[in-house]
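Peer 1: please find the sequence and the predicted model below.
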Amino acid sequence: MLRQGVARPPGEVGEAVLGLTAERRHREVRVLLDAYVRARTPEEAARSAEPDPQRLVPLLLEAAQGVSDERRWDLVHALRVAGFAT
């Protein structure tokens, strides 16, 4: 299931994270986003924030920080290029 989630288009991943968050499934959100920011480019990860940047950007940044400082800064840059404030 995790592989299928990571392979979905960025917007769908964002929507899935919002749904899991609404159901208070925080562990699943962390696992999905950890795998997602590891497997996808920072640009793709940034596009997943489109459904609700205010809620998704902090979650994405937290997941990226769990990978590495470099991954977090790459994502910060991609988010800024995509027009999302960080």
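Peer 2: Structure received.

Peer 1: so what's the most centrally placed residue in the chain up against?
Peer 2: When CA atoms, centre = their mean is applied to the chain, the residue found nearest the centroid is Leu60 (3.7 Å). Shown in contact with Leu60 (CB atoms under 8 Å, 6 or more residues apart in numbering): Leu33, Val37, Ala45, Ala46, Ser48, Ala49, Leu75, Leu79. In this view, the C-beta of every residue, glycine as well, is placed from N, C-alpha and C.

Peer 1: ok, and the closest non-adjacent residue to the fourth one?
Peer 2: What it means is Ala46. In space, and not counting its chain neighbours, Ala46 is closest to Ala78: 3.9 Å by CB to CB, 6 or more residues apart in numbering.

Peer 1: quick check: buried residues in the stretch of helix or strand the one you found belongs to?
Peer 2: Here Ala78 sits within helix 69-81, counting by DSSP states H and E. Under the neighbour-count criterion of 16 or more other CB atoms under 10 Å, helix 69-81 has Arg71, Arg72, Asp74, Leu75, Val76, Ala78, Leu79 buried.
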